[in-house]
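Chemist: Structure of the sequence below:
(2 chains)
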Amino acid sequence: MKKANSNKKKRKTARKSKISKASKNKNSASRENPIKKSPAISKKTRNSNPYIPKPYKVIDYHKETPDNFTLTVDMKIKHDPGQFVQVSIPGIGECPISICSDSDEYIQLNIREVGNVTRALSKLRKGDVILIRGPYGRGYPMQYLNGNDVVVIGGGCGVAPLKSVIDYIENHRADYRNVLLILGYRSDEDIIFKREIAEWDKKYKVHMTLDKEVHSHICYDMRAGFVTDAMNSLHLSKDNKIVFVCGPPVMIRNVIANLKEKGFNDDQIFISAERLMYCAIGICCHCMIRGKYTCVDGPVFRYDEIKELKTD
Amino acid sequence: MLTLKQEKKRFREFLEALSDSYELIAPVKRELVKFDAIKNINDIHFEKNSYFPVKEFFFKKREVLFTFNGNRILEPKFENKERVFFGIRKCDLNAIKHQDIVFMQGANDPYYIAERERSFLLGYHCNEAPSEYCFCGSLELEDYFDMMFYDKGDHMLVEIGSEKGMALYKKFSGFFEKSTRLIAQHEKKIPGADRLKVKDIGPLYDNPDWKKGVDICLSCGACTALCPTCYCFDIHDEVKMSNPGSGERVREWSSCQLPEFSRVAGNHVFRNEREQRFKHRIYHQLDYFKEKYGIQMCVGCGRCIEGCPTRIDFVQIINEMKEGEKR
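Modeler: Below you'll find the predicted structure:
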């Protein structure tokens, strides 16, 4: 836990020093850029225009549920678990999607059809091209896990960013201790990552809950109720645990309340927040939570950083 | 800081010369005062501050990010023809400073940078508060300009504030005399503009009086559109009717006062109540920005109050809240 704090401090001071430098240099913008420089500067910025996406090929399409699918894209980038990319189809628009894999060779994007862009994305098949920019944001702090057990609590589509965490742990298994997965879905029709969950069940403790009755014949532990019910029946203790949570706002709220009842500290809980996003580079303000940008300061927040989540 | 002097006659000649060599943009009185390209320097309006902020010349209402044809992307060409702004007030110059922080230091926004790079900022200092809603004196404004003109009746005193300003001065040095008189600190204060009595609104967050006045908010977004510092936007694609495969990705001003602003998949709106949105705007202006960048974002121009169709005066609301808490 100490590590977590010192790291945060570092981030803060780093940002502060950057700012104080900026404000000391009051006229830095106009001072640093005398007239002759301006064309050169535009050339430099044009090369790194942060709004321009690049085309990538879809190498696999997998239907998870009637309205949910996973695309595998031929994009070779370094990224942290929990980061996201901006995916777009020209003429339809752009939207943020979490990376749900951990590989240098490709990225996987789990998408639910809810809007224009995601509906258009659902039409894509192997060989099609999509535009992507990123990765963006601050992912899950995997370095905090060393020496702690990890509890992964996901609800519905919220399981997607958490899958990148699980994949990461699998790729670095020796570095991590016990893994407990608590996954909640509305009904057995809504279970995403069925293939993966069957694999996870062989290696980790997996508990699944369904809001509605259980009809399915899947072998792993599954019961009716909410993730909080599973948390209670497991008698989750707070010792040496880090909890990663992602899911709909109501679920996050209930999970946090439940964890607090069990005595978990704020700095043991990490949440991936969902907000409307456009720029993804810390300008457009749509994703702001009490002054913090979900796209730059998040999407993964330590709970004490955005405690006020419930009001805003 | 280099200080210069200019008789009013020479000042006029300087403006003429400027408009001969550059595109000159200054406040003009139409139905409302707004910044526009100047053809005749007699059109420049000196009395009131511009009703619309100058931000639309840097952070444009509508900006084409790129055009596309299928998956082929055509990046935009950036304009680099130089232009001169004259008559920007101190509040608006500081607003530009705050947007510079967001677009040029916080992020690297090439569209904004290109517009900023090609612009000279020539300020015109208010001798008195130009509007009853002004409160720039309550905020920590700084010198941020290429040149600043102080109107002293029969002459102008001019300060050079940057290398860019110096370069412009050298080009037109014939129109200026060196001045031995420096601008005193008290001359940089604008009298009658310190209505906001609260420095830190952090402790007021849970005050129930945020509801006050907000009941008459129409969620129209006039406050954010008129604000010289507000910088939020949407991004969307526009296609050609003749060829739906081609079109433009565009960014357009948005407003945190609209409910859609925080709507996510599943129709969840994070700031659904007007009170939440109002509070968010004020806290972003006076609190969050300071937390992030060390300075309050609001510059005290009062446009959001003057331009509000129901005249919601957040300064008064905050002052009364503070008064109420004292009691």
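Chemist: As a check, name the ranges of all strands in the stretch 151-300 of chain A.
Modeler: A:179-185, A:205-210, A:222-224, A:241-246, A:269-272, A:288-289, A:292-293, A:300-302 (DSSP state E, counting those that start in this stretch).
Chemist: quick one, what contacts A:P96?
Modeler: Listed by Cβ atoms under 8 Å, 6 or more residues apart in numbering or on different chains, the contact set of A:P96 reads A:F84, A:V85, A:Q86, A:V87, A:Y136, A:M277, A:A280, A:C295. In this view, the C-beta of every residue, glycine as well, is placed from N, C-alpha and C.
Chemist: my read is it is in a helix, agree?
Modeler: No. Counting by DSSP: H, G, I helix; E, B strand; the rest coil, A:P96 is not found in a helix; it is strand.
Chemist: can you list the residues of the stretch 201-312 of chain A near chain B?
Modeler: Residues of the stretch 201-312 of chain A lying close to chain B by Cβ under 8 Å from any Cβ of the partner chain are A:248-249, A:274-276, A:278-279, A:281-286, A:288-292, A:311-312.
Chemist: Show me how to select, in ChimeraX, the buried members of those residues.
Modeler: Applying 16 or more other Cβ atoms under 10 Å in any protein chain shown to those, the buried members can be selected in ChimeraX as follows:
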select /A:248,274,275,276,278,279,281,282,283,284,285,286,288,289,290,291,292,312
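Chemist: correct me, but B:Y144 touches B:L93?
Modeler: Yes. Counting by Cβ atoms under 8 Å, B:Y144 touches B:L93, with 4.9 Å between them.
Chemist: Check the contact lists of those two and give me the overlap.
Modeler: In contact with both B:Y144 and B:L93: B:L121, using Cβ under 8 Å, 6+ apart.
Chemist: show me what contacts whatever residue of chain B ends up closest to chain A?
Modeler: In chain B, the residue that lies nearest chain A is B:Y288 (2.6 Å; Cβ to the nearest Cβ). The contact partners of B:Y288, taken as Cβ under 8 Å, 6+ apart, are A:M288, A:R290, A:G291, A:K292.
Chemist: Provide the backbone phi and psi angles at it.
Modeler: Torsion angles at B:Y288 (phi, psi; degrees, to the nearest 10) stand at phi -60, psi -40.
Chemist: And for B:N40?
Modeler: With angles defined as degrees, to the nearest 10, B:N40 sits at phi -120, psi 130.
Chemist: Any stretches of chain A with poor pLDDT?
Modeler: Applying pLDDT under 70 to chain A flags the ranges A:1-47, A:213-221, A:308-312.
Chemist: biggest strand in it, by residue count?
Modeler: strand A:54-65 (DSSP state E).
Chemist: for the following helix or strand past that one, the distance to its chain's centre please.
Modeler: Using DSSP states H and E, the helix or strand that follows strand A:54-65 in sequence is strand A:68-73. Distance of strand A:68-73 from the chain centroid (Cα atoms, centre = their mean, to the nearest Å) equals 16 Å.
Chemist: Look up the closest residue to B:E75, ignoring the ones flanking it.
Modeler: B:F66 (5.4 Å; Cβ to Cβ, 6 or more residues apart in numbering or on different chains).
Chemist: Give the partner strands of the stretch of helix or strand that neighbour belongs to in its sheet and their orientations.
Modeler: Taking DSSP H and E as the criterion, B:F66 maps to strand B:62-69. If you go by DSSP bridges, strand B:62-69 pairs up with strand B:72-74 (antiparallel), strand B:246-253 (antiparallel).
Chemist: Take the strands of the stretch 151-300 of chain A and lay them out in JSON lines including distance to B:G137.
Modeler: JSON lines is the format used below for those (distance: least, Cβ to Cβ, whole Å):
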{"stretch": "strand A:179-185", "distance to B:G137": "55"}
{"stretch": "strand A:205-210", "distance to B:G137": "59"}
{"stretch": "strand A:222-224", "distance to B:G137": "63"}
{"stretch": "strand A:241-246", "distance to B:G137": "46"}
{"stretch": "strand A:269-272", "distance to B:G137": "42"}
{"stretch": "strand A:288-289", "distance to B:G137": "28"}
{"stretch": "strand A:292-293", "distance to B:G137": "30"}
{"stretch": "strand A:300-302", "distance to B:G137": "37"}
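Chemist: Doesn't B:D215 belong to a strand?
Modeler: No. Counting by three-state DSSP, B:D215 is not found in a strand; it is helix.
Chemist: So what's the residue count around it?
Modeler: 10 (other Cβ atoms under 10 Å in any protein chain shown).
Chemist: Neighbours of the closest residue to it other than its chain neighbours, how many?
Modeler: Distances taken as Cβ to Cβ, 6+ apart place B:R274 nearest to B:D215, at 7.8 Å, with adjacent residues excluded. Number of residues near B:R274 (other Cβ under 10 Å) recorded here: 18.
Chemist: my guess is B:R274 contacts B:C220, does it?
Modeler: No. Using Cβ under 8 Å, B:R274 is not in contact with B:C220; the gap is 11.0 Å.
Chemist: contacting residues for the residue nearest the centre of chain B?
Modeler: For chain B, the residue nearest the mean C-alpha position is B:P228 (2.6 Å; Cα atoms, centre = their mean). Contacts for B:P228 (Cβ under 8 Å, 6+ apart) come out as B:P53, B:V54, B:K55, B:C91, B:D92, B:A95, B:I96, B:V299, B:C301, B:R303.
Chemist: does it belong to a helix or a strand, and which?
Modeler: Going by DSSP H and E, B:P228 is not in any helix or strand.
Chemist: so how far is B:A95 from it?
Modeler: Separation of B:P228 from B:A95 (Cβ to Cβ, to the nearest Å) stands at 3 Å.
Chemist: Find residues that contact each of the two.
Modeler: Joint contacts of B:P228 and B:A95 (Cβ under 8 Å, 6+ apart) are B:P53, B:K55, B:V299, B:C301.
Chemist: quick one: contacts for the first one?
Modeler: By Cβ under 8 Å, 6+ apart, the contact set of B:P53 is B:D92, B:A95, B:L226, B:C227, B:P228, B:C301, B:R303.
Chemist: Same question for the second one.
Modeler: Contacts for B:K55 were tallied using Cβ under 8 Å, 6+ apart; they are B:D92, B:A95, B:I96, B:Q99, B:P228, B:T229, B:Y231.
Chemist: The same query, at a cut-off of 7 Å, please.
Modeler: By Cβ atoms under 7 Å, 6 or more residues apart in numbering or on different chains, the contact set of B:K55 is B:A95, B:Q99, B:P228.
Chemist: Give the burial count for the residue of the stretch 101-250 of chain A found nearest chain B, as a bare number.
Modeler: Closest contact between the stretch 101-250 of chain A and chain B, by Cβ to the nearest Cβ, is at A:V114 (4.1 Å). A:V114 has 16 neighbours, counted by other Cβ under 10 Å.
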